[in-house]
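A.B. asks: this one's sequence-less:
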């Protein structure tokens, strides 16, 4: 269970966070654009392992409760670490970071509470949450890269900025949706 290939890929995603931080902050003899490039590559590889580990777990019938727990933890750790880096580099507004990180903490706590009162099955991933994740997962590498793509044709920072604003908006809307679903379920079960 702990050492299946899908779970190992998830652990690898968690272990890539210190490497990403090292590339950004270590006093290496790299130019800023090189640090940006390597940090972006690490993030993209980690994001790819997120898709691969889930696909392999389903394909090889290696899904587990531990994997279902670890996968979203790895995702949240990576996203939060990158957001903090981007805030520090002044590429993302602290308000955007607080909205996204706060939502992740609030929804995780809500799911935990609903599990304890026996209604967690009703709080499933909604398309709003998926849209938030997609815009966020495109925005973050664009903001990490922070430079022109395709010979100055595409400005990754501009794309990333628009998408992170969209992610923040979808974050608020999806959180309201999750809270509405949760409170309706809790009201039906008379939980206080």
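C.D. replies: Noted; the coordinates are in hand. Everything numeric here is computed off the predicted structure, so don't read it as measured data. Numbers count the residues shown, from 1 in each chain.
A.B. asks: got a list of contacts for the helix or strand bottoming out on mean pLDDT in the chain?
C.D. replies: When the helices and strands of the chain are scored by mean pLDDT, DSSP states H and E, strand 148-149 comes last with a mean of 79. When contacts are defined by C-beta atoms under 8 Å, 6 or more residues apart in numbering, strand 148-149 is touched by residues 154, 155, 156. Using the backbone N, CA and C atoms, a C-beta is placed for each residue, glycine as well.
A.B. asks: Walk me through which strands that strand pairs with, and which way each runs.
C.D. replies: Partners of strand 148-149 in the sheet, by DSSP bridges, are strand 154-155 (antiparallel).
A.B. asks: now residue 34: how far from residue 78?
C.D. replies: Applying C-beta to C-beta, to the nearest Å, the value for residue 34 to residue 78 is 21 Å.
A.B. asks: ok, now residue 111?
C.D. replies: Remark: distance between residue 111 and residue 78 (C-beta to C-beta) = 19 Å.
A.B. asks: which of those two has more neighbours?
C.D. replies: Neighbour tally, residue 111 and residue 78, criterion other C-beta atoms under 10 Å: the higher count belongs to residue 78, 23 against 15.
A.B. asks: Would you mind confirming that that one makes contact with residue 19?
C.D. replies: No: counting by C-beta atoms under 8 Å, residue 78 does not reach residue 19; the two are 11.4 Å apart.
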